[in-house]
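[1] Next come a sequence and a model predicted from it.
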Amino acid sequence: MAVIGSGYTGLSAALQTLRGGRSTVVLDAEDAGWGCSTRNGGQISTSVKPDFEELSKRYGLERALGIVREGHDALAWLGKFIANEGIDCDFEVSGRFHAAHNAAQFARLAACVGREPASLETGAYLVEKNDQRTELGTDAYCGGMVFPRHAALHPARFHRGLLSRVLAAGGTVVSRCPATALDRDGPAFRVQTPLGTIRAGDVVVATNGYTGRLTPWLRRRVIPIGSYIIATEPIEPDLMARLMPRNRVVGDTRKVVYYYRASPDRRRILFGGRVSHGETDPRRTAPRLHADMAQLFPELAPVRISHSWVGFVAYTFDALAHIGRHDGIYYAMGYCGSGVSMAGYLGMRVGQKVLARGQGQTGFDDVVFATRPFYGGNPWFLSPMVAYYRWCDGRNR
Ligand SMILES: Cc1cc2nc3c(=O)[nH]c(=O)nc-3n(C[C@H](O)[C@H](O)[C@H](O)COP(=O)(O)OP(=O)(O)OC[C@H]3O[C@@H](n4cnc5c(N)ncnc54)[C@H](O)[C@@H]3O)c2cc1C
């Protein structure tokens, strides 16, 4: 069995198949974990973007429930997995503060309270603007909502833990070894690489925002989008205590969101978002992210940046993750920027599908993985779309 991509999805799939008794090799075009899985913000949520109402309109009540339940299951699975495996990755059920960037958005959040489907309640509660400083050291928002079960981890340490479990289970992980061609070979597959050809009974593609020419069908279905983060230099503990009094992970209601948190050691602020219309060098976005951060937290204006980086997430045309099999090849991808729990979880599920022992069903099964006419994998529409969304966010502030 061959897995292409060594992030959370690929390693989690590999762990399943290895423990299910299948010999498994994982390939990565770069170093193991080079993609999003070692460079994300480490914020853990229920991951499903469209709300229950929207999903019910699209797919009917039953399937909508199934999809929302997957988000809850992914969140719960991750906490249990880390505990069971004993992975040391600064995992903490920190809760999330979802900040309203204008009064209309606060009203929208307020209208959601108590309207979650039975058995899928999140325990979320509102925080009025007057009480906001108990959550976050800024007056820039109009209140928000706390999701107490959301969590945080150190992304690269989690990846390292996952990698060590795969190796301990007997897996082979080959870095700097891109799969360059993928063909049928009778009932099996031939995976070509610069180091040689692998014959594999099954193949899982786990390339998410780095899905390329190797798998044109998948490439036409995911939209790679850069997400940018800066880390500040260490700040004084007093300042950290004012800015992040409850150590929440934070996101806001903008269309082009800002997401941020304290680093696991509580010495730095990690501030992420998208400040350019097209993709660019993280050295160029760093000053702009810094300016936006300082607007929200004026106390951070004199604090310098120590690191700035970018990674590519995969959006989909229906804003849902997808898992399945096409032309015999398994895949799981399209986490729309929220893959810390979902990638590992769907990796586990796709591994179960490969084992074919009656497990691995998900609420995403049979949701059509749609593309659009004339889309080949190059998101030419991104720049005007981001510009428009940022304009909306600015106008409604
Ligand atoms: C800056 C940033 C911040 C983020 N913050 C959060 C967050 O706070 N919370 C959250 O839930 N999610 C977040 N995400 C998203 C999350 O990190 C991803 O959804 C998740 O890591 C996806 O994991 P993956 O294993 O599917 O893909 P990746 O980790 O991206 O791995 C894909 C791998 O495939 C490899 N590859 C591609 N083509 C080939 C080939 N032909 N041959 C071999 N290998 C190949 C790549 O080299 C890459 O290593 C963030 C992402 C970024 C970039």
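    Looks like it arrived, so ask away. Numbers count the residues shown, from 1 in each chain.

[2] CA atoms for contacts and neighbours, from now on please.
    Noted.

[3] elements contacting the biggest helix by length in the chain?
    Longest helix in the chain, counting residues (DSSP state H): helix 61-85. Counting contacts by 3 or more C-alpha pairs under 8 Å, 6 or more residues apart in numbering; DSSP states H and E, helix 61-85 is packed against helix 52-59, helix 342-355.

[4] Would you format the ones you listed as JSON lines with distance to the ligand, mean neighbour count and mean pLDDT included?
    Formatted as JSON lines, the helices and strands packed on helix 61-85 follow (distance: least, C-alpha to the nearest ligand atom, whole Å; neighbours: other C-alpha atoms under 10 Å; pLDDT from 0 to 100):
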{"stretch": "helix 52-59", "distance to the ligand": "19", "mean neighbour count": "14", "mean pLDDT": "95"}
{"stretch": "helix 342-355", "distance to the ligand": "5", "mean neighbour count": "26", "mean pLDDT": "98"}
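
[5] how about these in CSV, adding distance to residue 315?
    As requested, the helices and strands packed on helix 61-85 are exported to CSV (distance: least, C-alpha to C-alpha, whole Å):
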stretch, distance to residue 315
helix 52-59, 17
helix 342-355, 13
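
[6] now the longest helix of the chain: mean pLDDT?
    Averaging pLDDT along helix 61-85 yields 97.

[7] the inter-axis angle of that helix versus helix 342-355?
    Angle, helix 61-85 to helix 342-355, by axes from the mean of the first three to the mean of the last three C-alpha atoms, to 10 degrees: 100 degrees.

[8] Could you confirm whether any residue of helix 61-85 contacts the ligand?
    No. Judged by C-alpha under 6 Å from any ligand atom, helix 61-85 stays clear of the ligand, getting no closer than 9.8 Å.

[9] measure the residue of the chain most remote from its centre to residue 2 for me?
    Within the chain, residue 186 marks the point farthest from the mean C-alpha position, 35.6 Å out by C-alpha atoms, centre = their mean. Going from residue 186 to residue 2 by C-alpha to C-alpha, to the nearest Å gives 16 Å.

[10] tell me the phi and psi of residue 236?
    phi -70, psi 140 (degrees, to the nearest 10).

[11] Now for it: which residues touch it?
    Applying C-alpha atoms under 8 Å, 6 or more residues apart in numbering to residue 236 gives the contacts residue 267.

[12] Please repeat the previous calculation with a cut-off of 10 Å.
    Going by C-alpha atoms under 10 Å, 6 or more residues apart in numbering, residue 236 touches 266-268.

[13] separation between residue 117 and the ligand?
    Using C-alpha to the nearest ligand atom, to the nearest Å, residue 117 is found at 23 Å from the ligand.

[14] Assumed that residue was part of a helix.
    No. Going by DSSP: H, G, I helix; E, B strand; the rest coil, the assignment for residue 117 is coil, not a helix.

[15] and it, how many neighbours does it have?
    Neighbour count for residue 117, taken as other C-alpha atoms under 10 Å: 13.

[16] next one: residue 115
    10.

[17] do the same with residue 331
    27.

[18] List the contacts of it.
    Shown in contact with residue 331 (C-alpha under 10 Å, 6+ apart): 3-4, 9-10, 13, 203-208, 218, 322-325, 346-347, 350-351.
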